[in-house]
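Quick one, what's the 3D model for this:
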Amino acid sequence: MTDPSSINRPKRSPLGIIITLVLGLGVIGLGGWLYYKNQGAPTAATTQSSTQQTSQATPAAPTNEQVDVPAPVEPSAGSPQIEAAAAYVPKNNVVEIDISEYAGYGGLIVANGGLAPNPDSFFAKEYGFQVKLSVSEEETWGKLNNGKFAAAATTADVLAVLGRQFNVVVPAQISFSRGADMIVVDQGIASVNQLAGKVVSGSEFNESEFFLRYLASEAGLKVKLLRDLDARPAPDEVGLVLYEDSFVACDAYEAELKNGTNRLNGCVGWTPRTDEVIEASGGKAKMLVSNKNLLIIADILTVNKGFAEANPKMVKGIVHGLLEGNRRLRDQPDQNIGVVAKAFKWTEADTKDELAHVHLSNLPESLAFFKGTIDAAGSFSGIYQSSVLAYGDRIKNPVDGDRFVDTSHLDALKTEGKFADQVIAIAPIRTTTTQALEGDPLLKKDIRFFFEPNSARLDEASPENQQYLDTVKSFLQVSPGSEILLRGHVDNARIEEFRKQGGEDLVKSMALKAMELSKQRAEAVRTALLKKFPNIDPKRVEIVGRGWEEPSSQDSNLNRRVEAQWFTLE
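Sure, this is the predicted structure:
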């Protein structure tokens with residue numbers, strides 16, 4: 001049997017053998033030289049092999065360096081508990097007032113000529129006492145309640161949270177925040193309604209949480225408190241993960257954007273941190289809305305109740321000085337900005353910029369705020385009740401907001417003819433010439449107005465209809481310059497019946513009639529709204545009929561509706 005290895009094998013000549021030996025020795029020599037030249041540095045093949053072995057044992061590190069995400073805090077079981085009530089007692093005729101580093105409190109600084117007690121201040125010259133202003137960023141509700149301060153500045157929504165344990169009176173409004181508070185979200189989120197099923201970060205029981213809760217409530221969404229970033233809300237909920245303060249909440253969202261983990265879809269906070277998050281996102285995040293033209297963050301003066309009852313003249317002096325300082329900053333900013341800048345250690349340019357985010361209230365605006373006659377911004381009662389509703393069962397045994405309000409000093413100043421030349425002057429801040437209705441609505445809300453059967457006649461005797469008109473009006477009231485688009489709809493239950501009766505021609509014919517009926521219904525709502533609230537500018541309310549083209553549900557009754565879309569300026 002022939003050896004298979006010998007079949008067709010070519011024979012080698014002596015010269016071939018010599019050449020082969022020479023080439024082999026050359027390759028060996030070259031390999032040795034390369035080895036010693038690169039000793040300690042693996043070749044590409046070795047590197048690839050090592051990488052493959054390593055990847056099987058340990059996952060490869062990501063290309064971008066991961067950053068730490070701050071840890072959330074546990075949500076409170078209910079309203080925060082504060083120190084027990086005790087009366088504040090002035091020492092050496094000096095009244096102590098606590099404020100935070102915020103331009104909206106500049107009027108108090110101007111009236112006082114700075115932070116320190118000042119014998120030349122408005123308070124000393126007009127009312128015979130001096131004021132010491134302290135600046136802190138901690139929540140001083142407990143210290144105010146316990147008599148460590150005579151007065152402090154806070155926002156109206158906080159009163160609903162603290163309730164009857166907060167033993168204070170509110171004698172004046174200080175200002176409206178106009179753009180400092182902000183919701184920042186992923187680039188693809190176009191409206192508050194689209195926050196459904198998403199998760200945002202924030203902090204607890206302050207104006208930023210209220211801002212989110214207010215808008216979510218108006219969009220028909222619930223806010224679900226989540227304990228960690230891996231928890232998810234229901235499809236009709238906005239998930240809220242809490243952090244120790246709003247800046248840390250923004251830090252968490254920024255870290256999630258950098259890591260690409262997408263467990264957060266936004267944050268709620270205030271400038272400058274919110275602006276920094278947007279800038280650092282590389283186009284991944286944007287501002288959804290600020291409160292520049294959504295005036296529901298109202299700063300108020302809260303006064304220790306025991307002190308107020310024992311020292312009514314001093315409280316009147318504080319209110320008068322606040323309004324006088326606001327007047328000077330509003331009417332003569334260049335002459336008064338310097339004292340605010342010095343107190344907060346800001347530049348004058350920064351102070352001007354910060355004051356652009358504030359509307360300092362005058363006497364008629366403060367009175368209208370408490371009496372509910374203000375048409376260009378949120379009222380005290382409206383904001384307070386909105387806070388009670390927005391926080392829901394987190395507020396145990398809510399109390400009526402009237403228990404806090406005391407307008408006697410404002411009324412007295414008006415009777416005495418103080419600030420007689422002042423008028424209510426709250427206008428929208430326009431930063432673009434683009435018409436609002438060309439963009440996306442801030443939010444939309446389906447409202448089921450009741451009509452007489454098969455007609456566009458609105459049942460004006462229906463209490464539900466009157467409440468819905470109030471809802472539409474409130475949108476326009478709290479946001480100067482905003483507009484409402486009323487989109488009329490009819491139900492789509494009979495489309496198949498029409499198709500069976502007359503085919504597609506009948507369906508098209510009835511669709512045109514449905515479009516006209518839906519427009520007539522939207523017009524009926526608009527007419528009723530302007531009749532009930534004649535001060536509303538008709539140009540701020542537009543209508544459109546959509547027929548049965550935009551069903552919202554399988555339930556035909558729910559498709560018989562008028563949808564209010566709210567467009568705000570930014």
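
Any regions of the stretch 51-200 of the chain where pLDDT drops low?
Regions of the stretch 51-200 of the chain meeting the criterion pLDDT under 70 cover residues 51-64.

all helices of it, in order?
Under the criterion DSSP state H, counting those that start in this stretch, helices of the stretch 51-200 of the chain are mapped to 106-112, 122-127, 141-145, 156-162.

of all those, which lies closest to residue 472?
Smallest distance to residue 472 across the helices of the stretch 51-200 of the chain (C-beta to C-beta): 22.2 Å, for helix 156-162. From N, CA and C alone the C-beta is placed, and that goes for glycine too.

CA atoms of the closest one as CSV?
What follows is helix 156-162, C-alpha atoms only, in CSV (Å, rounded to 0.1, in the frame of the first residue of the first chain):
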residue,chain,number,x,y,z
ALA,A,156,-48.1,81.6,49.3
ASP,A,157,-48.2,77.9,48.5
VAL,A,158,-46.2,77.1,51.6
LEU,A,159,-49.0,78.2,53.9
ALA,A,160,-51.2,75.4,52.7
VAL,A,161,-48.5,72.9,53.5
LEU,A,162,-47.8,74.1,57.0
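
Not counting its own residues, what contacts that helix?
For helix 156-162, contacts defined as C-beta atoms under 8 Å, 6 or more residues apart in numbering pick out 79-80, 82, 141, 166, 170, 205-207, 210, 296-298, 300, 302, 380, 383-388, 391, 394-395, 398, 401, 404.

what's the weakest-modelled helix or strand in this structure?
None of the helices or strands of the chain scores lower by mean pLDDT, DSSP states H and E than helix 44-57, at a mean of 33.

The nearest residue to residue 522 once chain neighbours are set aside: neighbour count?
In space, residue 522 comes closest to residue 488 once its chain neighbours are excluded; the distance is 3.4 Å by C-beta to C-beta, 6 or more residues apart in numbering. Using other C-beta atoms under 10 Å, residue 488 has 28 neighbouring residues.

so residue 488 touches residue 519, yeah?
Yes. Under the criterion of C-beta atoms under 8 Å, residue 488 makes contact with residue 519 at 5.5 Å.

Now the common contact residues for these two.
Joint contacts of residue 488 and residue 519 (C-beta under 8 Å, 6+ apart) are 543-545.

Can you show me the strands along the stretch 251-400 of the chain?
266-270, 285-290, 298-304, 358-360 (DSSP state E, counting those that start in this stretch).

Those strands into a markdown table, with extra columns for distance to residue 65 and mean neighbour count?
Below are these laid out as a markdown table (distance: least, C-beta to C-beta, whole Å; neighbours: other C-beta atoms under 10 Å):
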| stretch | distance to residue 65 | mean neighbour count |
| --- | --- | --- |
| strand 266-270 | 22 | 28 |
| strand 285-290 | 20 | 20 |
| strand 298-304 | 41 | 26 |
| strand 358-360 | 39 | 24 |
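
looking at these, which is closest to residue 100?
Using C-beta to C-beta, the strands of the stretch 251-400 of the chain put strand 298-304 closest to residue 100, at 9.8 Å.

so for the closest one, what's the average pLDDT?
Mean pLDDT, computed over strand 298-304, is 98.

before we move on, the earlier item: for the shared contacts of residue 488 and residue 519, which one is nearest residue 107?
residue 543 (42.2 Å).

Can you tell me the SS state at the closest one?
strand (DSSP: H, G, I helix; E, B strand; the rest coil).

Nearest residue to it in space, please, no chain neighbours.
Residue 543 sits nearest to residue 522 (C-beta to C-beta, 6+ apart), 4.0 Å away.

quick one: what helix or strand has the one you found in it?
Secondary structure from DSSP states H and E places residue 522 in helix 495-532.

so what secondary structure elements neighbour that helix?
helix 463-478, strand 483-488, strand 541-545, strand 562-567 (3 or more C-beta pairs under 8 Å, 6 or more residues apart in numbering; DSSP states H and E).

hang on, the earlier thing: the residue nearest to residue 543: how many residues sit nearby?
Residue 522: 26 neighbours (other C-beta under 10 Å).

Enumerate every residue touching it.
So residue 522 contacts 486-488, 543-545, 562 (C-beta under 8 Å, 6+ apart).

residues touching residue 128, list them.
residue 93.

Tell me how far it lies from residue 95.
11 Å (C-beta to C-beta, to the nearest Å).

list residues touching both of those two?
Counting by C-beta under 8 Å, 6+ apart, nothing touches both residue 128 and residue 95.

residue contacts, residue 528?
Neighbours of residue 528 in contact, by C-beta under 8 Å, 6+ apart: 458, 460, 465, 469.

what's the closest of those residues to residue 216?
Closest to residue 216, out of all of the contacts of residue 528 and judged by C-beta to C-beta, is residue 469, at 22.4 Å.

quick one, what contacts that closest one?
By C-beta under 8 Å, 6+ apart, the neighbours of residue 469 are 525, 528-529, 532-533.
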